[in-house]
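>>> below: sequence and its predicted model.
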Amino acid sequence: MSQQPFVKYQGLGNDFILIDNRAQTEPLLTPEQTIKWCDRRFGIGADGVIFALPGQEGTDYTMRIFNSDGSEPEMCGNGIRCMAQFLKDLGAPASGNGYQIHTLAGRIVPTFTSDGLISVDMGAPILGAADIPTTLAEGNALAIDRSLAIGDRTWQVTCVSMGNPHCITFVDDVAAIPLEQIGPQFEHNSVFPERTNTEFVQVLGRDRLRMRVWERGAGVTLACGTGACAALVAAVLLDKADNEAIVELPGGNLEIRWDRDSDRIHMTGPAKRMFSGISEI
Ligand code: ZDP
């Protein structure tokens with residue numbers, strides 16, 4: 001392909017290739033090119049590619065993201081922090097102390113905190129089974145604490161969508177979970193018609209969770225922003241946590257708060273620019 005500039009960012013080790021796509025309404029890469037770019041040995045290496053497109057529906061910009069397998073998720077929590085930092089680094093004009101960003105999960109609003117972090121209004125969690133989607137509950141009932149047989153055991157799972165689907169299961173020791181082995185069996189289980197992201201969560205206290213994730217379309221990653229939000233929601237619904245908690249991920253910590261008055265979730269964490277380059281892939 002022609003020479004395409006890119007910038008590499010990571011949020012807690014969940015890493016993305018960012019493309020300045022503000023002059024066109026369609027992503028500059030195809031899903032097939034994305035798979036090649038994300039390859040860690042034959043490409044640039046990333047968990048996904050993010051396109052910063054012109055705004056829609058009254059927003060400043062639009063984010064689209066392709067996973068490393070070329071599939072397109074609705075939303076990405078770590079990715080939207082990287083996108084906000086990318087726009088700031090580009091000097092892109094904002095409507096306030098942050099950006100209004102259109103995503104396939106609706107309008108998401110990241111703002112910059114005084115201590116160099118990015119705080120994101122992630123919107124409301126979606127709890128109806130049909131909307132998530134999962135068939136683990138009837139129609140649009142809540143899929144809380146449902147039994148799911150995978151591998152040689154039955155897991156108690158709770159399903160939450162943050163625009164993208166998540167399946168959360170609480171365990172005594174996240175370190176003991178064979179992610180690579182069972183993650184794909186959750187992701188591709190027939191009870192998840194759009195596949196699913198899966199979070200294994202250990203409760204350290206009512207204000208502290210530890211989590212490991214198997215991501216839909218990306219496999220094991222060091223962090224998942226939407227997953228951390230979904231994990232807190234599941235923990236609150238099962239009365240294992242309060243409305244505000246630190247979520248420890250392999251790549252570092254996120255602060256998650258569920259404002260029950262507005263029903264919106266706020267996620268705060270870092271996003272860092274690592275390097276820029278010109279792809280010749
Ligand atoms: O839903 C999906 O297919 C996820 N793989 C999208 C990426 C989610 C992410 N890890 C996040 O931080 O929310 C980027």
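On my side now, so go ahead.
>>> which parts of this protein are helices?
31-38, 77-90, 179-187, 225-237 (DSSP state H).
>>> what residues does the protein put near the ligand?
Counting by Cβ under 6 Å from any ligand atom, the chain comes close to the ligand at 14, 67, 73, 76-79, 164, 197, 215-218, 221, 224-227. For every residue, glycine as well, the C-beta is placed using N, CA and C.
>>> 8 Å instead?
Applying Cβ under 8 Å from any ligand atom, we find that the chain lies next to the ligand at 11, 14, 16, 47-48, 65, 67, 71, 73-80, 162, 164-166, 195, 197, 213, 215-218, 221, 223-228.
>>> can I get the helices of the chain in JSON lines with mean neighbour count and mean pLDDT?
As requested, the helices of the chain are exported to JSON lines (neighbours: other Cβ atoms under 10 Å; pLDDT from 0 to 100):
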{"stretch": "helix 31-38", "mean neighbour count": "18", "mean pLDDT": "98"}
{"stretch": "helix 77-90", "mean neighbour count": "25", "mean pLDDT": "98"}
{"stretch": "helix 179-187", "mean neighbour count": "17", "mean pLDDT": "98"}
{"stretch": "helix 225-237", "mean neighbour count": "28", "mean pLDDT": "98"}
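>>> out of these, nearest to Ala130?
helix 225-237 (17.0 Å; Cβ to Cβ).
>>> for Gln56, which of the helices of the chain is the nearest?
helix 77-90 (14.6 Å).
>>> to the chain's geometric centre, what's the distance from that closest one?
Helix 77-90 sits 13 Å away from the centroid of its parent chain (Cα atoms, centre = their mean, to the nearest Å).
>>> try stretch 164-171
12 Å.
>>> ok, stretch 137-145 next?
Averaging C-alpha positions (Cα atoms, centre = their mean) puts stretch 137-145 22 Å from its chain's average.
>>> now the end-to-end length of it.
Length of stretch 137-145, first residue to last, Cα to Cα, to the nearest Å: 10 Å.
>>> again, but for stretch 185-197
Start and end residues of stretch 185-197 are separated by 11 Å (Cα to Cα).
>>> buried set for that stretch?
By 16 or more other Cβ atoms under 10 Å, the buried positions in stretch 185-197 come out as 186-187, 189, 191-192, 195-197.
>>> related to what we said a few turns ago, give me the buried subset of the residues of the chain next to the ligand.
Among the residues of the chain next to the ligand, those buried by neighbour count (16+ other Cβ under 10 Å) are 11, 14, 16, 47-48, 65, 67, 71, 73-80, 162, 164-166, 195, 197, 213, 215-218, 221, 223-228.
>>> tell me the two of the buried residues of stretch 185-197 that are most distant?
Spanning the widest gap among these are Val191 and Asn197, at 14.0 Å by Cβ to Cβ.
>>> which residues touch the closest residue to Val109 other than its chain neighbours?
Sequence neighbours aside, Asp121 is the residue nearest to Val109 in space, at 4.4 Å (criterion: Cβ to Cβ, 6 or more residues apart in numbering). Residues in contact with Asp121 (Cβ atoms under 8 Å, 6 or more residues apart in numbering) are 108-111, 264-266.
>>> same thing with Thr226?
By Cβ under 8 Å, 6+ apart, the neighbours of Thr226 are 75-77, 122, 162-164, 166, 197.
>>> at 7 Å what do you get?
75-77, 162-164, 166 (Cβ atoms under 7 Å, 6 or more residues apart in numbering).
>>> closest to Gly116 out of those residues?
Once Cβ to Cβ is applied, the member of the contacts of Thr226 that ends up nearest Gly116 is Gly77, at 17.8 Å.
>>> state the distance from the residue nearest to that closest one when sequence neighbours are not counted to Cys167.
Nearest non-adjacent residue to Gly77, counting by Cβ to Cβ, 6+ apart: Gly225, 1.8 Å away. Per Cβ to Cβ, to the nearest Å, Gly225 is found 16 Å from Cys167.
>>> likewise Asp39?
For Asp39, the distance to Cys167 (Cβ to Cβ) stands at 27 Å.
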